[in-house]
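J.: sharing a model that was predicted from the sequence below.
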Amino acid sequence: MFINIVLKFLKLFFMSILRKNIYFLIIIMIFNCEYSYSFECFIDKISLIVNNQIILESDIQNIMNIIKMQTKLLSNLIVSRDVLRKQSIKYLINNQLIFPLGKKYKFNITNEEVLGVISNIINKFNITFKKFKFYLFYYGIDYSVYFKYLKREILISKILDYEISKNVYITYEELNLFTKNIFYRYIKNNVYFLRCFFIPLSENYNCKEFILKQTLSNKIFFKLKKGIKFRDIKKLYVDHLKLVKIILFEYRTIGSLPVIFEKFLIHGKTGDISYPIKSAAGFYIVNIKDLFNKVKKIIFKEFCIRHIFIPNFFIKNDYDISLKLSLIKKRIESGNISFDNAVNIFSMDNKFLNDRNGYFGWFDSNHLNNKFKVVLSNLNIMQISKPLKSSMGWHLIQLLGTRIVNRLHVLEQIKFYDYLYKNKYLETKELFLEKLNKFSYIKIFN
């Protein structure tokens with residue numbers, strides 16, 4: 001039988017040479033072969049349509065395998081196939097809706113960024129690269145497929161972050177309300193010795209009396225701020241004129257003091273004098289004579305800046321951008337253009353992040369790299385820096401001010417701000433994705 005097959009093959013081969021058509025040989029072999037062999041193979045099919053894009057069954061299977069591997073590594077849990085499939089379909093739909101939004105940003109994800117993510121994964125699970133590739137093989141994931149998945153994942157994350165960050169704001173009132181109880185926790189055990197000048201109002205006071213008493217309280221406050229001794233003011237206004245009373249609160253915690261003192265006491269220290277505090281009965285001027293059990297303060301420096309910013313995805317050549325920003329700086333310093341106008345014309349922050357004339361706000365020097373810290377430390381107020389490059393892009397910075405801050409309170413505020421921002425970010429993200437899904441064509445095939 002083997003000889004018959006060989007002879008038939010030779011016959012067909014010579015026939016094809018005569019016709020000078022190799023494709024003809026292939027066709028004849030297929031249709032004249034007496035033996036057929038069948039191989040089990042996976043037939044791909046369309047499983048999803050999202051707007052005008054199709055998603056194949058193989059795409060879903062790849063994502064299911066990746067999620068299965070990641071779940072196993074993170075929590076050692078086994079997730080049911082139905083749950084995996086639902087998660088994978090949701091993931092692919094969202095990614096397909098988000099991806100077209102990235103055209104306006106022109107993000108460029110490099111292979112080095114992807115390798116950095118893989119390196120972080122390997123370090124997190126304390127495994128070798130060889131073992132990591134074995135995990136991929138074990139779960140049926142091709143390394144090149146996983147590499148492309150991570151690259152797209154990084155891109156999608158950046159697009160989503162830019163789209164959502166534009167709509168997430170934490171107001172001062174929200175932050176203040178959230179932190180009030182936490183600040184109170186730090187000072188609730190403090191013991192205060194307070195001396196107060198009290199300027200009383202009569203029970204049925206009129207507008208004229210109110211203005212007179214308010215003017216008197218302001219006058220006493222400014223005398224104290226100028227350094228006039230407490231006892232000298234007491235002699236004049238309390239003992240002689242009898243217009244003012246002295247009230248002492250000796251060794252009281254904040255919970256046993258009038259609520260109207262709270263705002264002043266939260267940030268107060270020994271020797272501080274309050275502005276006149278209005279109550280229903282009159283005006284208080286509070287002096288912290290002594291303070292015990294105060295939480296230790298940690299002092300650090302903050303900078304207030306605004307900037308002209310060009311992000312990485314608009315930069316083709318670092319030299320050209322640096323030169324452009326240097327020329328902008330010269331124009332501002334020569335008076336040809338104001339910093340505000342330069343922000344509106346040149347800064348990409350102003351166009352894409354809706355900031356206020358490049359205003360960046362106050363931030364801790366510890367959050368800066370050494371290069372930025374040195375440059376800002378050597379700037380005078382309102383002076384403009386040389387062009388500086390960060391991981392986000394290029395900056396031209398103007399220093400608006402510096403201040404020394406109690407680190408304890410600010411660190412709490414930063415922590416609370418991050419907590420509130422994260423919650424609001426997740427809420428906004430859910431609404432954003434719901435809106436994308438609602439106004440898109442999505443077809444899922446069984």
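T.: Thanks, I have it. If you're wondering where the values come from, they're calculated on a predicted model, not measured in any experiment.

J.: now the strands for the stretch 101-250 of the chain?
T.: 191-200, 245-252 (DSSP state E, counting those that start in this stretch).

J.: can you say which of those strands is nearest to Asp320?
T.: With C-beta to C-beta, the closest approach to Asp320 among the strands of the stretch 101-250 of the chain belongs to strand 191-200: 60.7 Å. Heads up, the C-betas are built off the backbone N, CA and C, glycines and all.

J.: the closest one packs against which elements?
T.: Counting contacts by 3 or more C-beta pairs under 8 Å, 6 or more residues apart in numbering; DSSP states H and E, strand 191-200 is packed against helix 207-225, strand 245-252, strand 282-292.

J.: most tightly packed of these?
T.: strand 282-292 (a mean of 19; mean count of other C-beta atoms under 10 Å).

J.: can you list contacts of that strand?
T.: Here strand 282-292 makes contact (C-beta atoms under 8 Å, 6 or more residues apart in numbering) with 190-201, 213-214, 217, 220-221, 224, 230, 247, 251, 258, 260-261, 264-265, 268-277.

J.: re the thing from before, tabulate the helices and strands packed on strand 191-200 in CSV, adding columns for mean pLDDT and distance to Ser157.
T.: Formatted as CSV, the helices and strands packed on strand 191-200 follow (pLDDT from 0 to 100; distance: least, C-beta to C-beta, whole Å):
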stretch, mean pLDDT, distance to Ser157
helix 207-225, 89, 52
strand 245-252, 88, 52
strand 282-292, 89, 48
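
J.: I'd like these as CSV, with distance to Lys422 appended.
T.: Putting the helices and strands packed on strand 191-200 into CSV (distance: least, C-beta to C-beta, whole Å) gives the following:
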stretch, distance to Lys422
helix 207-225, 42
strand 245-252, 38
strand 282-292, 35
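
J.: list just the one of those that sits closest to Lys86.
T.: strand 282-292 (58.6 Å).

J.: relative to helix 207-225, how tilted is that closest one?
T.: 30 degrees (axes from the mean of the first three to the mean of the last three C-alpha atoms, to 10 degrees).

J.: going on from strand 282-292, what's the next piece of helix or strand?
T.: strand 299-311 (DSSP states H and E).

J.: CA atoms only: put the very next helix or strand once past that following strand into PDB for me.
T.: Remark: after strand 299-311, the chain's next helix or strand is helix 318-334, criterion DSSP H and E. Extracted C-alpha coordinates of helix 318-334, given in PDB (Å, rounded to 0.1, in the frame of the first residue of the first chain):
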ATOM      1  CA  ASP A 318      13.200  67.100  24.700                       C
ATOM      2  CA  TYR A 319      15.600  69.700  23.300                       C
ATOM      3  CA  ASP A 320      13.000  71.500  21.300                       C
ATOM      4  CA  ILE A 321      10.600  71.700  24.300                       C
ATOM      5  CA  SER A 322      13.300  72.900  26.600                       C
ATOM      6  CA  LEU A 323      14.300  75.600  24.100                       C
ATOM      7  CA  LYS A 324      10.600  76.600  23.700                       C
ATOM      8  CA  LEU A 325      10.100  77.000  27.500                       C
ATOM      9  CA  SER A 326      13.300  79.000  27.800                       C
ATOM     10  CA  LEU A 327      12.100  81.400  25.200                       C
ATOM     11  CA  ILE A 328       8.700  81.700  27.000                       C
ATOM     12  CA  LYS A 329      10.600  82.500  30.200                       C
ATOM     13  CA  LYS A 330      12.600  85.200  28.500                       C
ATOM     14  CA  ARG A 331       9.400  86.800  27.100                       C
ATOM     15  CA  ILE A 332       7.700  86.700  30.600                       C
ATOM     16  CA  GLU A 333      10.800  88.200  32.300                       C
ATOM     17  CA  SER A 334      11.100  90.900  29.600                       C
END
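
J.: counting by contacts, list what helix 318-334 packs against.
T.: strand 299-311, helix 339-346, strand 393-406.

J.: which residues in the stretch 101-250 of the chain form helices?
T.: 111-124, 129-138, 143-165, 172-187, 207-225, 230-233 (DSSP state H, counting those that start in this stretch).

J.: and the last one, what's its mean pLDDT?
T.: In this case it means helix 230-233. Average pLDDT, helix 230-233: 85.

J.: show me this structure divided up by domain.
T.: Split into domains by automatic domain parsing, the chain comes to 2-32, 55-157, 190-292, 299-413.

J.: distance to Glu163 added to the strands of the stretch 101-250 of the chain, as a markdown table?
T.: Output for these, formatted as a markdown table (distance: least, C-beta to C-beta, whole Å):
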| stretch | distance to Glu163 |
| --- | --- |
| strand 191-200 | 49 |
| strand 245-252 | 52 |
